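**Student:** Here is a sequence together with a model predicted from it:
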2 protein chains.
Amino acid sequence: MAQALRAALRRHDMVIDLAASLLEAGDLVAAKSHDAILIDRQLPDGDGLTLVRSLRAANNMTPVLVLTARGETADKVDGLDKGADDYLAKPFDFEELLARLRALMRRPISMRPQIIRAGHLALDLGHREVSIRDAPLILPRRELLVLEALMRRTGRMVQRASLMEAVFGIDDEIQSNALDTHVSRLRRKLSAADSGVAIDGVRGVGYVLRETA
Amino acid sequence: MAQALRAALRRHDMVIDLAASLLEAGDLVAAKSHDAILIDRQLPDGDGLTLVRSLRAANNMTPVLVLTARGETADKVDGLDKGADDYLAKPFDFEELLARLRALMRRPISMRPQIIRAGHLALDLGHREVSIRDAPLILPRRELLVLEALMRRTGRMVQRASLMEAVFGIDDEIQSNALDTHVSRLRRKLSAADSGVAIDGVRGVGYVLRETA
DNA sequence: AACTGCGCAATGCTGCCGCAATGTTCATCC
DNA sequence: GGATGAACATTGCGGCAGCATTGCGCAGTT
């Protein structure tokens, strides 16, 4: 039944992670986040509602649609009140299941982007993306790492060693002025655009990102 | 019937605004915001779904539960796809109605737009079909998933890992350049048609869907 | 049985990045 | 205060990792 459902849902362009038991399901939802969860109450190792409750207890608000063989009202009420978002009794029509899933998945994007600002720059940490006055600024990976490390401490000193670690990692043994190179290239791009920031070098110590008026 | 419901819901500590017609309901929801809307399809001056559609068009994401006399699947699918969040056929058990209302209200609903546009493309999320200047564009499943993930963030960066997760599941362990393949094929189709968009690759980070002029 | 979607691998290519050479700035010493 | 050396800045270049594209074969669908 589960495999038939997966095939059917796949035909509607959904990407499915399938779990055969409550335990397996728990591992799956812990491992990654999903747009929605479809779960049966009758599972080999327990009631699907158990999973719902533990999810909600852990503040996981992923929409859940519960399937059940029992269609009595008391049953539905119980399921909905335990944190399920919808409840469908077997036998059900596949089209209805699909429509209900779609309704569930129109949910808010819970993950708020984490954004650091400095001057006219905005750095979206989640998406590794820099924009300057809302215009995207494409930066190579290493230059972005430099900028990120500096923006995390805008206006304050960042030690050279600390920058090295942020850009190259720990065991990476760089024996050249690669860091200076990246800083230089980054400077050029920041001043070419009207970024509102500048990078000051402090001899013997490190760098500071300064907001320019 | 509406008055009986109001009385019953009041007994559960809910505060009810009652409207006798579609017109009146429209005025009410415009005047103030509600935690949820309960509406019948059969109203003296039209179908309750009309209200749902105009609400969603106006970006009003208030949860809506639709009551109907007709309980056929096609009917439910229609209602849910037009923006309703739940659908209950008469006759119904009051306890179930109550539970479903509770489930709706504890869920912070903010609906994503049903249709995403970029360039000359329009992606209908509900029906999972793409059209370009109103001409349908048939895309294989995986390419559609790529396009959808990119169009959800048009003009902004989508990380490679994020795309991977959107296109392949978690148990699908892909260890090749399958993603690149799909992007490539998608590019070909988008440029063959006059789509008004292009996919930029950003080395080491991911992809961006860009609107071309 | 024909067909299409998809994963995979081979191939070519772009551009990032480390490196070094050269120029420039700044602190220190006399 | 000018000479001096060290630390930093900038630029060109080559290697190579990562991306783009294409063809192929298998599997699932019709």
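**Tutor:** Sure, I can see it. These figures come from a predicted structure and were not determined experimentally.
**Student:** near chain B at all, the longest helix that chain A contains?
**Tutor:** For chain A, the helix reaching the highest residue count under DSSP state H is reported as helix A:178-192. No: Helix A:178-192 lies apart from chain B when judged by CB under 8 Å from any CB of the partner chain; the minimum separation is 13.5 Å. (Glycine included, C-beta is placed from N, CA and C.)
**Student:** Name the residues that touch that helix?
**Tutor:** For helix A:178-192, the surrounding residues in contact (CB atoms under 8 Å, 6 or more residues apart in numbering or on different chains) are A:137, A:139-140, A:142-143, A:146-147, A:160, A:163-164, A:167-168, A:197-199, A:201, A:207.
**Student:** immediately after that helix, which helix or strand?
**Tutor:** Heading C-terminal from helix A:178-192, the first helix or strand you meet, by DSSP states H and E, is strand A:197-202.
**Student:** strands paired with that following strand, and their directions?
**Tutor:** Its sheet considered, strand A:197-202 pairs with strand A:206-211 (antiparallel) by DSSP bridges.
**Student:** does the partner strand come close to DNA strand C?
**Tutor:** No: Strand A:206-211 lies out of reach of DNA strand C by CB under 7 Å from any atom of the strand, never closer than 13.7 Å.
**Student:** Buried residues, the helix or strand containing residue A:96. List them.
**Tutor:** Counting by DSSP H and E, the element that carries residue A:96 is helix A:94-105. Buried residues in helix A:94-105, counted by 16 or more other CB atoms under 10 Å in any protein chain shown: A:96-104.
**Student:** Please identify which of those residues is nearest to DNA strand C.
**Tutor:** residue A:98 (18.2 Å; CB to the nearest atom of the strand).
**Student:** Could you report the pLDDT at that closest one?
**Tutor:** For residue A:98, the pLDDT comes out at 86.
**Student:** which residues are contacting stretch A:80-99?
**Tutor:** Here stretch A:80-99 makes contact (CB under 8 Å, 6+ apart) with A:8-9, A:12, A:38, A:49, A:52-53, A:55-56, A:63-71, A:76, A:79, A:100, A:103-104, B:73-74, B:76-77, B:80-81, B:86, B:99-100, B:102-103, B:107.
**Student:** Using CSV, list the CA coordinates for the helix holding residue A:96.
**Tutor:** The C-alpha trace of helix A:94-105 is given here as CSV (Å, rounded to 0.1, in the frame of the first residue of the first chain):
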residue,chain,number,x,y,z
PHE,A,94,-6.6,9.3,-4.1
GLU,A,95,-7.6,12.6,-5.6
GLU,A,96,-8.8,13.8,-2.3
LEU,A,97,-5.6,12.7,-0.6
LEU,A,98,-3.7,14.6,-3.2
ALA,A,99,-5.7,17.8,-2.8
ARG,A,100,-5.4,17.7,1.0
LEU,A,101,-1.7,17.2,0.8
ARG,A,102,-1.4,20.2,-1.5
ALA,A,103,-3.5,22.3,0.9
LEU,A,104,-1.1,21.3,3.7
MET,A,105,2.0,22.1,1.8
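**Student:** The next helix-or-strand element following that helix and chain B, any residue contact?
**Tutor:** Remark: after helix A:94-105, the chain's next helix or strand is strand A:115-118, criterion DSSP H and E. No: residues of strand A:115-118 are not located near chain B by CB under 8 Å from any CB, the shortest gap being 11.9 Å.
**Student:** ok, of the contacts of stretch A:80-99, which come out buried?
**Tutor:** Among the contacts of stretch A:80-99, those scoring as buried are A:9, A:38, A:49, A:52, A:55-56, A:63-68, A:76, A:79, A:100, A:103-104, B:76-77, B:80-81, B:86, B:99-100, B:102-103, B:107 (criterion: 16+ other CB under 10 Å).
**Student:** Sitting in strands, which of those residues do you find?
**Tutor:** Among those, the members falling in strands (DSSP state E) are A:38, A:64-68, B:86.
**Student:** any idea how far residue A:197 lies from residue B:58?
**Tutor:** According to CB to CB, to the nearest Å, residue A:197 stands 40 Å off from residue B:58.
**Student:** ok, is the helix holding residue A:96 in contact with DNA strand D or not?
**Tutor:** No: against DNA strand D, helix A:94-105 shows no contacts by CB under 7 Å from any atom of the strand, the least distance being 14.5 Å.
**Student:** and residue A:172, what pLDDT?
**Tutor:** Reported pLDDT for residue A:172: 61.
**Student:** burial of the nearest residue to residue A:70 once chain neighbours are set aside, as a residue count?
**Tutor:** Excluding the flanking residues, the one nearest residue A:70 by CB to CB, 6 or more residues apart in numbering or on different chains is residue A:89, at 7.1 Å. Neighbours of residue A:89 under the rule other CB atoms under 10 Å in any protein chain shown: 14.
**Student:** Residues of chain A that sit close to DNA strand D?
**Tutor:** A:7, A:160, A:177, A:180-181, A:183-185, A:187-188, A:201, A:203-205.
**Student:** Reformat these as CSV; add pLDDT.
**Tutor:** Listed next are the residues of chain A next to DNA strand D as CSV, based on pLDDT from 0 to 100:
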residue, pLDDT
A:7, 85
A:160, 90
A:177, 86
A:180, 93
A:181, 94
A:183, 95
A:184, 94
A:185, 95
A:187, 94
A:188, 94
A:201, 90
A:203, 90
A:204, 87
A:205, 90
